[in-house]
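*Asks:* Provide a 3D model corresponding to the input given below.
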Amino acid sequence: MKQRETFGSRLGFILISAGCAIGLGNVWRFPYIVGENGGAAFIVIYLFFLAILGIPIMSMEFSVGRASRKSVASSFRQLEPEGTKWHWFGYVGMAGNYLLMMFYTVISGWILAYVAKMMKGDFTGLDNVQIQHQFDQMVANPWLQVICLAVVILVGFGICSLGLKNGVEKITKVMMVLLIGIMVVLAVRSLTLPGAGEGLRYYLVPDFQKVAEKGVANVMFAALGQAFFTLSIGMGGMAIFGSYLTKERRILGEAIHVTALDTMVAIMAGLIIIPACFASGVDPASGPPLIFVTLPNIFNAMPLGQLWGTLFFIFILFAALSTLIAVFENILSFAMDLWNWSRRKACLVNVVLVFVLALPALLGNNIWSGIQPLGLSISDFEDFLISNNIMPLGSLVYVWFCTCKRGWGWQPFLQEVNTGKGLRFPGKIYVYAKYLIPIIVLYIFVQGYIGMFFS
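*Replies:* Below you'll find the model as predicted:
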């Protein structure tokens with residue numbers, strides 16, 4: 001039997017797992033969600049939900065991966081009691097990873113294009129309307145997007161083809177260190193802009209009056225949803241890295257480290273974006289266009305704005321690529337686990353497969369823009385399937401698998417999660433894990449549909 005690859009270091013595991021969680025949700029969604037929901041008070045609520053929801057579920061997913069030494073394609077089959085059907089979720093998890101890459105690779109291509117545009121100075125001297133026109137032109141141009149899509153897919157699978165230690169671990173380590181370094185430089189620049197102090201107070205000083213104005217229930221659901229989705233749990237993305245983890249450390253401490261790094265990047269992204277918005281008189285709650293339209297305009301107003309803008313989009317590109325590489329590694333593991341393919345063969349097949357699968361989302365912004373399932377663009381519909389369905393329901397499967405007698409069971413889970421040195425996962429939270437966590441996850445699932453169809 002072929003021996004399972006393992007990480008070369010504990011730091012490699014933490015950085016790569018965090019890299020899977022760190023993505024556009026941190027640097028795109030988090031700052032404007034904070035802006036929409038009252039600033040620092042939202043962050044306090046968000047951190048609370050990370051602790052009571054995100055970390056326990058992540059610990060369960062890591063544990064399933066480490067105990068089985070398999071990806072989501074095979075892990076449930078390895079651990080489930082005879083005669084049960086938990087392994088059926090493996091197909092859903094596999095589909096979820098491909099579905100995520102069907103639109104995430106397209107957006108990553110946009111970011112690559114923006115790095116080039118910033119470096120060339122395409123936005124220099126333009127106002128907000130003209131920058132919006134630049135973005136609209138890019139999205140309307142399928143050939144430019146096809147080129148950018150091909151580049152990010154080839155880079156991602158090229159890194160994965162080098163192997164776990166020599167490719168994924170080694171390059172992600174460097175990329176994550178560079179990402180954090182660029183963030184620090186950008187945060188210092190943003191905080192030294194005239195008028196940035198007001199944005200810093202808005203971001204870091206809790207004001208629960210703002211929560212009351214927005215509606216406590218609305219803010220709590222936004223914080224709950226962000227805490228849940230930011231960690232990329234529920235599709236086996238964390239299980240694959242658990243499968244490469246040695247038994248030297250208990251899993252709870254590792255989950256806390258990964259969550260802390262993910263959260264640090266999200267908060268630092270806010271330190272870059274929100275003070276800069278206040279310094280420029282821009283509403284930090286202006287939604288996703290903040291990244292592609294508003295921020296280039298802000299950089300235009302700065303001395304050396306072309307340099308700062310280029311660094312900013314390189315930082316976002318690294319965040320996007322860290323997720324791409326992590327999910328590509330998970331996708332490759334399906335073929336290697338199920339059919340015993342070589343890593344090289346799995347890479348060659350999946351380069352073509354992911355590229356073809358991403359084309360509908362790409363064309364949905366231009367040639368196929370008339371195709372709107374549920375009134376959404378193709379990419380938004382794919383995002384809805386992942387964010388509102390596969391991730392919450394997948395998390396529910398992991399929780400029930402680890403707590404039900406007809407699943408893996410609580411005692412085998414505790415034995416695995418508490419093997420090694422470090423923080424012990426508390427066995428006394430069984431009732432909370434089995435009953436309350438599923439209620440919270442189902443609440444997110446139902447509210448996602450209510451927000452989709454009745455808001």
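*Asks:* low-confidence ranges in the stretch 201-350 of the chain?
*Replies:* 284-289 (pLDDT under 70).
*Asks:* make sure Arg424 is actually in contact with Arg249.
*Replies:* No: at 11.6 Å, Arg424 does not count as touching Arg249 under the criterion of C-beta atoms under 8 Å. In this view, the C-beta of every residue, glycine as well, is placed from N, C-alpha and C.
*Asks:* so which of the two has more stuff around it?
*Replies:* Arg249 (17 against 11; other C-beta atoms under 10 Å).
*Asks:* identify the bridge partners of that one.
*Replies:* Per DSSP bridges, the residues bridged to Arg249 are Lys421.
*Asks:* that one against Asn418, yeah?
*Replies:* No: when contacts are counted by C-beta under 8 Å, Arg249 is not listed as touching Asn418 (10.6 Å).
*Asks:* show me what contacts the nearest residue to Leu193 once chain neighbours are set aside?
*Replies:* Residue nearest to Leu193 in three dimensions, not counting chain neighbours: Ala279, with 3.9 Å by C-beta to C-beta, 6 or more residues apart in numbering. By C-beta atoms under 8 Å, 6 or more residues apart in numbering, the residues touching Ala279 are Ser190, Leu193, Pro194, Gly195, Ala196, Gly199, Ile298.
*Asks:* closest one of those to Tyr443?
*Replies:* Gly199 (32.3 Å; C-beta to C-beta).
*Asks:* and whichever strand or helix holds that closest one, what does it pack onto?
*Replies:* According to DSSP states H and E, Gly199 maps onto helix 196-204. Applying 3 or more C-beta pairs under 8 Å, 6 or more residues apart in numbering; DSSP states H and E, one finds that helix 196-204 makes contact with helix 40-49, helix 251-279.
*Asks:* point out the most buried one among those helices.
*Replies:* Of all those, helix 251-279 carries the top mean neighbour count, a mean of 23, counting by mean count of other C-beta atoms under 10 Å.
*Asks:* okay, Leu50 and Ile233: tell me how far apart.
*Replies:* Distance check for Leu50 against Ile233: by C-beta to C-beta, to the nearest Å, it reads 11 Å.
*Asks:* show me which of these two is the more surrounded one.
*Replies:* Each of Leu50 and Ile233 has its neighbours counted (other C-beta under 10 Å); Ile233 has more, 29 against 23.
*Asks:* before we move on, back to that, could I get the CA-only coordinates of the helix holding Gly199 as PDB?
*Replies:* The C-alpha coordinates for helix 196-204 follow below in PDB (Å, rounded to 0.1, in the frame of the first residue of the first chain):
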ATOM      1  CA  ALA A 196      -7.500  57.600   8.700                       C
ATOM      2  CA  GLY A 197      -7.900  57.900  12.500                       C
ATOM      3  CA  GLU A 198     -11.700  58.200  12.200                       C
ATOM      4  CA  GLY A 199     -11.800  54.900  10.200                       C
ATOM      5  CA  LEU A 200      -9.600  53.200  12.800                       C
ATOM      6  CA  ARG A 201     -12.000  54.300  15.600                       C
ATOM      7  CA  TYR A 202     -14.900  53.000  13.600                       C
ATOM      8  CA  TYR A 203     -13.100  49.700  13.000                       C
ATOM      9  CA  LEU A 204     -11.600  49.000  16.500                       C
END
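*Asks:* so which elements touch whatever helix or strand comes next after that helix?
*Replies:* Sequence order places helix 208-214 as the next helix or strand after helix 196-204, per DSSP H and E. Counting contacts by 3+ C-beta pairs under 8 Å, 6+ apart, helix 208-214 is packed against helix 40-49.
*Asks:* now the helix or strand that comes right after the helix it packs on, how far from the centre of its chain.
*Replies:* The helix or strand immediately downstream of helix 40-49 is helix 55-68, counting by DSSP H and E. Helix 55-68 has its average C-alpha position 17 Å from the chain's average C-alpha position, going by C-alpha atoms, centre = their mean, to the nearest Å.
*Asks:* before we move on, what about stretch 309-319?
*Replies:* That offset, for stretch 309-319, works out to 16 Å (C-alpha atoms, centre = their mean).
*Asks:* over to stretch 148-167?
*Replies:* Between the centre of stretch 148-167 and the centre of its chain there are 18 Å (C-alpha atoms, centre = their mean).
*Asks:* contact partners of it?
*Replies:* 5-8, 12, 105-106, 108-110, 112-113, 168, 170-172, 244, 320-321, 324-325, 328-329, 332, 343-344, 347, 350-351, 354-355, 358, 362.
*Asks:* do the same with stretch 350-366
*Replies:* Contacting residues not belonging to stretch 350-366 are listed as 98, 101-103, 105-106, 109, 139-142, 145-146, 149-150, 153-154, 157, 328, 331-332, 335, 368, 371, 377-379, 382 [C-beta under 8 Å, 6+ apart].
*Asks:* so which of those residues belong to strands?
*Replies:* Among the contacts of stretch 350-366, no residue falls in strands (DSSP state E).
*Asks:* make a ChimeraX selection of whichever of those residues turn out to be buried.
*Replies:* The following ChimeraX line selects those of the contacts of stretch 350-366 that are buried, judged by 16 or more other C-beta atoms under 10 Å:
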select :98,101,102,103,105,106,109,139,142,145,146,149,153,157,328,331,332,335,368,377,378,379,382
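*Asks:* how near is Gln137 to Ile131?
*Replies:* Where Ile131 is concerned, Gln137 sits at a distance of 11 Å (C-beta to C-beta).
*Asks:* the more surrounded of these two?
*Replies:* Higher neighbour count among Gln137 and Ile131: Ile131, with 21 against 10, using other C-beta under 10 Å.
*Asks:* list the helices and strands the host helix or strand of the more buried one packs on?
*Replies:* Using DSSP H and E, Ile131 maps to helix 128-140. Using 3+ C-beta pairs under 8 Å, 6+ apart, the elements in contact with helix 128-140 are helix 88-120, helix 142-161, helix 295-300.
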